[in-house]
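In: I need the structure of the sequence given here:
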Amino acid sequence: MSKWQSFRMMALAASTSLFAGAGAQAADLVIAMPNWSSGQATANILKVALKKEFGVEADAVEMGTLIAFAGLNSGTVDIHPEVWLPNLDNLVKQYVTDAGTVAISPVGVPAWQGICANRTAADKYGIKDISDLSDPKKTAAVDTDGDGRGEMWIGAQTWSSTSIERIRANSYGYAKTVTLLEMPEDVGMAAVDAAEATEQPVVFGCYAPHAVFKLHDIVRLTEPPYDPAKWQIVLPSEDPAWETKSSAPVGWDTAHYHIAYATALRKEHPEIVKFLERVDFKPEESTEMSYALQVERQDPYEFAQQWVTKNDARVKGWAKP
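Out: Now for the predicted structure:
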């Protein structure tokens, strides 16, 4: 057994859900599956497409981004379907630029990130600019537990963007007037749905493409433009004192996300590397993925099977020699 295979066997053995019994065999490839809807859809689309076009079995295994990058570096993970930038610039520097063990596809999906409000919060209560979140008279409108502070969902605990939103809240000053909530995305979005259904105000961390903009009338809060000189981010994985050493009193830089893969694939599966570097999802497709999984509650794998069948010619184009 090669070192490559040994690493894979150890990674898969750590997740008992990957084995049907003692005689189960490791898959050819491992795809790290994020815990957000479009990432789950993309992971499964890659899984289905790789089987269909190359006869390669891939396991889509849910894991956090830090674990995924460590796996890409060590050889236990082969593909990550959605690496968001600039969120993960520090990891890209560590593993792509410095170590050279991870590569990023040149094709990315345009995106953006920020803080949003529903129309009720914006028009009825005047929460339209990021500075409004530092006004306790305005944030009282989104105080749902009566403690005198508003509440705002900023992301899941495992997202790098969640830590960055906490840094931004500290830098802007609204961490003093708003309680920042970290919880799974489906819980955060359920709160938005509930607010809309009852015509109550709500503010929350947001990103696009996302199904929430298809479902509701959502307003992005205005902010000072991104300034690299003012964007000083240290992540929790880098320093225990990350909050005190960070500052970001400006809007996010232009965002985009890409497929990442272990550079070892260039030797093991060069044809799959060519495929991964041709995958070109559009923002509206990512929105549809998010809607299908988060709103319609479609199974990610079943959705992926239908998507690949519907887009057969396009997938074959990605896989051409």
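
In: all strands for the stretch 201-321 of the chain, in order.
Out: 203-208, 218-220, 255-262 (DSSP state E, counting those that start in this stretch).

In: what's residue 248 in contact with, if anything?
Out: 164, 167-168, 171, 230-233 (C-beta atoms under 8 Å, 6 or more residues apart in numbering). Yep, even glycine has a C-beta here, placed from its N, CA and C like the rest.

In: re earlier: CSV please, covering the strands of the stretch 201-321 of the chain and showing distance to residue 36, mean neighbour count and mean pLDDT.
Out: Putting the strands of the stretch 201-321 of the chain into CSV (distance: least, C-beta to C-beta, whole Å; neighbours: other C-beta atoms under 10 Å; pLDDT from 0 to 100) gives the following:
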stretch, distance to residue 36, mean neighbour count, mean pLDDT
strand 203-208, 9, 24, 97
strand 218-220, 17, 19, 97
strand 255-262, 11, 24, 97
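
In: Now do the helix or strand where residue 105 lies: which elements does it pack against?
Out: Residue 105 belongs to strand 102-118 when assigned by DSSP states H and E. If you count contacts as 3 or more C-beta pairs under 8 Å, 6 or more residues apart in numbering; DSSP states H and E, strand 102-118 packs onto helix 65-74, strand 79-85, helix 185-197, strand 203-208, strand 218-220, strand 255-262, helix 283-290.

In: go with 6 Å
Out: Packed against strand 102-118 by the contact rule (3 or more C-beta pairs under 6 Å, 6 or more residues apart in numbering; DSSP states H and E) you find strand 203-208, strand 218-220, strand 255-262.

In: In this protein, where's the longest helix?
Out: Secondary structure assigned by DSSP state H gives helix 37-54 as the longest helix of the chain.

In: what residues does that helix touch?
Out: Residues from elsewhere that reach helix 37-54 (C-beta atoms under 6 Å, 6 or more residues apart in numbering): 31, 33, 56, 58, 60, 81-82, 286, 289-290, 293-294, 300-301, 303-305, 307-308, 315, 319.

In: next one: stretch 133-147
Out: 125-127, 132, 150-151, 173-174, 177-178, 201, 203.

In: Tell me which two in these are the farthest apart.
Out: Spatial extent of the contacts of stretch 133-147 (C-beta to C-beta) is set by the pair 173 and 201 at 20.1 Å.

In: Please look at residue 83 and residue 258 and confirm they touch.
Out: Yes. At 5.3 Å, residue 83 counts as touching residue 258 under the criterion of C-beta atoms under 6 Å.

In: Break this protein down into its domains, please.
Out: Domains of the chain are assigned by automatic domain parsing as 3-110+257-319, 111-230.

In: Out of the ones you listed, the one nearest residue 250 is which?
Out: The nearest among the domains of the chain, by C-beta to C-beta, is domain 111-230 at 4.8 Å.

In: Retrieve the pLDDT associated with residue 26.
Out: Residue 26 is assigned 68 on the pLDDT scale.

In: what's the least confident helix or strand in this protein, going by average pLDDT?
Out: Within the chain, no helix or strand scores below helix 3-13, which has a mean of 36 by mean pLDDT, DSSP states H and E.

In: Pull the most distant pair out of the contacts of residue 248.
Out: 164 and 230 (13.2 Å).

In: okay, those two: which has more neighbours?
Out: The neighbour count for residue 164 versus residue 230, taken as other C-beta atoms under 10 Å, is higher for residue 164 (22 against 12).

In: my read is the more buried one is in a helix, agree?
Out: Yes. Counting by DSSP: H, G, I helix; E, B strand; the rest coil, residue 164 is found in a helix.

In: Let the chain start at 16 from now.
Out: I'll keep to 16 as the first residue from here, and by that count the last item is residue 179.

In: roughly how far apart are it and residue 198?
Out: 17 Å (C-beta to C-beta, to the nearest Å).

In: got any ranges where the stretch 116-265 of the chain has weak pLDDT?
Out: Of all residues in the stretch 116-265 of the chain, none has pLDDT under 70.

In: on that earlier part again, and the helix or strand that the least confident helix or strand of the chain is followed by, what does it pack onto?
Out: Per DSSP H and E, the first helix or strand lying C-terminal to helix 18-28 is strand 44-48. Packing partners of strand 44-48 (3+ C-beta pairs under 6 Å, 6+ apart): helix 52-69, strand 73-77.

In: tell me what the last one is packed against?
Out: Contact analysis of strand 73-77 by 3+ C-beta pairs under 6 Å, 6+ apart lists strand 44-48, helix 52-69 as its packing neighbours.

In: Tell me which of these sits most buried.
Out: Highest mean neighbour count among the helices and strands packed on strand 73-77 (mean count of other C-beta atoms under 10 Å): strand 44-48, with a mean of 26.

In: Contacts made by that one with the rest, please.
Out: Taking C-beta under 6 Å, 6+ apart as the rule, strand 44-48 contacts 55, 58, 61-62, 71, 73-78, 83, 92-95.

In: measure stretch 159-166 end to end?
Out: 7 Å (C-alpha to C-alpha, to the nearest Å).
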